[in-house]
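Asks: Let's see this in three dimensions:
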Amino acid sequence: MHEYVAQHYREGRLSALADALGYDASYLGAYIKRETARTFKQLVKEEWMRHASRMLRSSQEPIYEIAQSVGISNLTQFYRRFHEYAGMTPQEYRTSPPR
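Replies: Predicted coordinates for the structure are as follows:
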């Protein structure tokens, strides 16, 4: 399940994961919530931010292109979500020493 989310995070559809695994989407959503204490959407958003943080560290690609490449077209929304994830802006993250 985690592997599927990591590979298909851009689509972010629970129904696609349920179909791939052969489960009902409602059942799978409840199972994910029970086992991870997070919703499927939260798992997808975390995957977006993991990919974005790797890209920020490993490239000089503009931040708006990184946002688009992880599936977030609204730059303000990307900044807000990234700040919630990392506790700093994407630019601050890019220039800060790795932890």
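
Asks: make it CA atoms for all contacts and neighbour counts henceforth
Replies: Will do.

Asks: residue ranges with poor pLDDT in this structure?
Replies: 1 (pLDDT under 70).

Asks: In it, mark out all the helices, start to finish.
Replies: Using DSSP state H, the helices of the chain run over 2-8, 14-21, 25-36, 40-58, 63-69, 75-86, 90-95.

Asks: can I get these in JSON lines with mean neighbour count?
Replies: Output for the helices of the chain, formatted as JSON lines (neighbours: other CA atoms under 10 Å):
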{"stretch": "helix 2-8", "mean neighbour count": "14"}
{"stretch": "helix 14-21", "mean neighbour count": "15"}
{"stretch": "helix 25-36", "mean neighbour count": "14"}
{"stretch": "helix 40-58", "mean neighbour count": "18"}
{"stretch": "helix 63-69", "mean neighbour count": "18"}
{"stretch": "helix 75-86", "mean neighbour count": "16"}
{"stretch": "helix 90-95", "mean neighbour count": "16"}
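
Asks: can you pull the contacts of Gly22?
Replies: By CA atoms under 8 Å, 6 or more residues apart in numbering, the contact list for Gly22 is empty.
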